[in-house]
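**Q** Provided below for reference: sequence and predicted model.
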Amino acid sequence: MKAISIGLLGLGTVGSGVVQIIESHQDKLMHQVGCSISIKKILVKDTTKERLVAVEKGMLTDNPEDILSNPEIDVVIEVMGGIEETRGYLIEAIKNKKHIVTANKDLMALHGPELLELATDNECDLFYEASVAGGIPILRGLVDGLSSDRITKMMGIVNGTTNFILTKMSKEGRAYDNVLKEAQELGFAEADPTADVGGLDAARKMAILSTLGFSMNIGLNDVEVQGITEISEEDLRYSKKLGYTMKLIGVASRAGDRVDVSVQPALLPEAHPLASVNNEYNAVYVYGEAVGETMFYGPGAGSLPTATAVVSDMVTVIKNMRLGVNGRSAVAPQYPKQLKDATEIFAKFFIRLHVQDEVGVLAKITNLFAEHGVGFDKILQLPLDEKESSEIVLVTHTATKAAFEQIIQKLNDYNMVREVKSTYRVEGEDIK
Ligand SMILES: NC(=O)C1=CN([C@@H]2O[C@H](COP(=O)(O)OP(=O)(O)OC[C@H]3O[C@@H](n4cnc5c(N)ncnc54)[C@H](OP(=O)(O)O)[C@@H]3O)[C@@H](O)[C@H]2O)C=CC1
Ligand SMILES: N[C@@H](CC=O)C(=O)O
Ligand code: NA
């Protein structure tokens with residue numbers, strides 16, 4: 001087969017890793033695909049900037065047409081990020097019959113179905129393994145490894161930056177801003193890190209995962225999102241005291257034909273496998289009706305780990321070129337989207353509140369929970385420095401989200417409750 005030419009869009013953290021792997025693993029790559037692979041052109045914003053990897057000066061361009069309409073280029077690797085402009089580039093590349101590999105979850109969560117359909121119509125491949133959980137082959141795990149099973153739940157840590165921040169805050173007592181800065185310097189964070197800390201990056205990944213896992217078109221708006229910015233030191237302290245670890249967790253679960261997908265900080269029992277996933281590492285638990293429990297673990301962000309997924313996708317594209325089967329891998333979702341309502345979503349909940357320290361407070365709170373059929377698993381009451389106030393921290397037994405929301409609303413209305421300080425889901429204890 002003729003030598004394969006690559007056009008690279010972006011030469012930042014991930015792009016530099018792609019260049020390094022294509023260069024340093026050339027022997028292995030050639031052995032797998034039966035031809036040589038070379039990068040022809042690289043699109044960047046600033047061609048004069050110093051680069052993390054050595055590339056010939058003439059290879060860099062700031063003109064996208066040098067790649068998108070370049071007849072020599074077979075595969076376009078998109079590692080520049082962004083949504084609308086990038087979407088336009090990929091549409092043009094596909095119309096010019098170029099295969100696409102992308103690491104862009106922002107784009108795939110919003111425009112994945114449209115781009116995949118266009119690619120199929122043009123007999124082009126479009127692979128995006130790096131877009132979810134960096135170097136972990138989770139999309140292939142779902143689409144190939146577990147294709148025979150019906151997935152009932154996926155639960156995971158899918159954002160490296162927030163996991164890095166929570167690990168350093170809870171294990172080393174470091175301050176949030178200081179750790180976020182380090183995550184940015186290490187290349188884990190997005191160009192705008194509010195997408196990481198606000199939970200949006202994880203939500204995009206959960207939309208992609210649940211679309212594939214449940215074979216349903218799950219969009220970003222279908223994912224309930226809460227980030228890590230409101231987590232206080234007290235919450236981290238109490239979660240430890242109660243035997244939990246705080247993690248930003250994506251949960252996607254199916255009961256019958258109905259699903260729910262969310263991202264939120266949640267408490268996990270310390271012995272749970274996801275609780276020991278630290279720093280920028282990610283892990284996704286997948287439950288299938290037939291296979292039972294599986295767990296995919298590895299680096300969720302960073303240059304070489306992410307580039308591994310990108311270059312492996314490129315290898316699949318080239319193997320498909322040899323076989324003449326490009327554009328035949330994507331399978332359109334099988335089921336119409338059906339989302340659960342709050343009465344169908346079950347979890348345990350952690351609640352921390354400040355109350356007036358007077359006779360009967362605890363009894364009134366206990367009655368309120370009992371009226372909604374919700375019992376307590378754990379409860380602590382401690383005096384506060386503030387006059388005549390105390391802090392109550394409790395963990396419920398499994399309850400519906402609807403019952404939990406009604407209870408919180410009523411607690412907020414009680415005079416004796418000064419403030420509901422925080423609430424979290426507790427995951428991984430007794431429900432799948
Ligand atoms: N970093 C990570 O760990 C991971 C990142 N991803 C995804 O991979 C993609 C790339 O991320 P990352 O490498 O970290 O990003 P960087 O910001 O490090 O790099 C982006 C690169 O794209 C170029 N670029 C950006 N916008 C344009 C534009 N409009 N026109 C031309 N060139 C442009 C930049 O050029 P210049 O250098 O001149 O500024 C830069 O080389 C994103 O979609 C990200 O979400 C996915 C998994 C993990
Ligand atoms: N910013 C992302 C990068 C990988 O997707 C993360 O921190 O996980
Ligand atoms: Na991946």
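**A** Received the coordinates, thanks. Numbering: from 1, shown residues only. Ligands and ions are numbered 1, 2, ... in the order given.
**Q** Give me the neighbour count for the residue in the stretch 201-350 of the chain positioned nearest to ligand 1.
**A** Closest to ligand 1 within the stretch 201-350 of the chain is Ala301: 3.4 Å, counting by Cβ to the nearest ligand atom. In this view, the C-beta of every residue, glycine as well, is placed from N, C-alpha and C. Residues lying near Ala301 (other Cβ atoms under 10 Å) number 29.
**Q** In which helix or strand does it reside?
**A** Using DSSP states H and E, Ala301 sits in no helix or strand.
**Q** With the one 3 residues further on instead?
**A** Element membership of Leu304 [criterion: DSSP H and E] is helix 303-323.
**Q** re the thing from before, settle this for me: the residue of the stretch 201-350 of the chain closest to ligand 1 is touching Gly160, isn't it.
**A** Yes. Shown here, Ala301 and Gly160 form a contact pair, counting by Cβ atoms under 8 Å, at 3.2 Å.
**Q** related to what we said a few turns ago, quick one: the helix holding Leu304 near ligand 1?
**A** Yes. Helix 303-323 comes into contact with ligand 1 (Cβ under 6 Å from any ligand atom), by way of Thr306.
**Q** wait, what's in contact with Asn415?
**A** Gln356 (Cβ atoms under 8 Å, 6 or more residues apart in numbering).
**Q** Now name the helix or strand holding it.
**A** Of the helices and strands defined by DSSP H and E, none includes Asn415.
**Q** rewinding a little: now do the shared contacts for Ala301 and Gly160.
**A** 134, 188, 280, 282.
**Q** Any buried residues in the helix or strand following the helix holding Leu304, and which?
**A** As assigned by DSSP H and E, the chain's next helix or strand after helix 303-323 is strand 346-356. Residues of strand 346-356 classed as buried by neighbour count (16 or more other Cβ atoms under 10 Å): 346-355.
**Q** Over to whichever residue of the stretch 301-432 of the chain sits closest to ligand 2: give its phi and psi.
**A** Going by Cβ to the nearest ligand atom, ligand 2 is nearest to Ala301 of the stretch 301-432 of the chain, at 3.9 Å. For Ala301, the backbone dihedrals (degrees, to the nearest 10) come out as phi -160, psi 170.
**Q** is any part of the host helix or strand of Arg204 close to ligand 1?
**A** Per DSSP H and E, Arg204 falls inside helix 200-214. No. Judged by Cβ under 6 Å from any ligand atom, helix 200-214 and ligand 1 are separated, with a smallest distance of 7.4 Å.
**Q** helices or strands up against the helix or strand following that helix?
**A** Next in sequence after helix 200-214, counting helices and strands by DSSP H and E, comes strand 223-225. When contacts are defined as 3 or more Cβ pairs under 8 Å, 6 or more residues apart in numbering; DSSP states H and E, strand 223-225 sits against helix 200-214, strand 258-269.
**Q** Now do the residue in the chain that ligand 1 sits nearest to against Leu200, distance only.
**A** In the chain, the residue that lies nearest ligand 1 is Gly12 (1.8 Å; Cβ to the nearest ligand atom). To Leu200, Gly12 is 20 Å away according to Cβ to Cβ, to the nearest Å.
**Q** Could you check which of these two has the larger neighbour count?
**A** A direct count of neighbours by other Cβ under 10 Å for Gly12 and Leu200 places Leu200 higher, at 22 against 18.
**Q** For that one, report the pLDDT, please.
**A** Reported pLDDT at Leu200 in the predicted model: 98.
**Q** now the shared contacts of Ala301 and Gly160 in a markdown table, with pLDDT?
**A** What follows is the shared contacts of Ala301 and Gly160, written out as a markdown table (pLDDT from 0 to 100):
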| residue | pLDDT |
| --- | --- |
| Gly134 | 96 |
| Phe188 | 96 |
| Glu280 | 96 |
| Asn282 | 98 |
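**Q** so who does Asn412 touch?
**A** Asn412 neighbours (Cβ under 8 Å, 6+ apart): Val420.
**Q** about what we covered before: please see if the helix holding Arg204 touches ligand 3.
**A** No. Shown here: helix 200-214 not in contact with ligand 3 (Cβ under 5 Å from the ion), separated by at least 9.0 Å.
**Q** Quickly check: that helix near ligand 2 or not.
**A** Yes. Using Cβ under 6 Å from any ligand atom, helix 200-214 comes into contact with ligand 2 via Asp201.
**Q** got the residues of the stretch 201-350 of the chain near ligand 2?
**A** So the stretch 201-350 of the chain meets ligand 2 at 201, 300-301 (Cβ under 6 Å from any ligand atom).
**Q** before we move on, the earlier item: please identify the most buried of the helices and strands packed on strand 223-225.
**A** Highest mean neighbour count among these (mean count of other Cβ atoms under 10 Å): helix 200-214, with a mean of 27.
**Q** got the angle between that helix and strand 258-269?
**A** 120 degrees (axes from the mean of the first three to the mean of the last three Cα atoms, to 10 degrees).
**Q** Would you mind writing the CA trace of the strand or helix carrying Glu23 as CSV?
**A** Per DSSP H and E, Glu23 falls inside helix 13-24. Written as CSV, here are the backbone C-alpha positions of helix 13-24 (Å, rounded to 0.1, in the frame of the first residue of the first chain):
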residue,chain,number,x,y,z
THR,A,13,-0.3,19.1,24.4
VAL,A,14,-2.0,16.2,22.5
GLY,A,15,-0.6,17.1,19.0
SER,A,16,3.0,17.0,20.3
GLY,A,17,2.3,13.6,21.7
VAL,A,18,0.9,12.4,18.4
VAL,A,19,4.1,13.6,16.5
GLN,A,20,6.3,11.9,19.1
ILE,A,21,4.4,8.6,18.9
ILE,A,22,4.3,8.5,15.1
GLU,A,23,8.0,9.2,15.0
SER,A,24,9.3,7.0,17.8
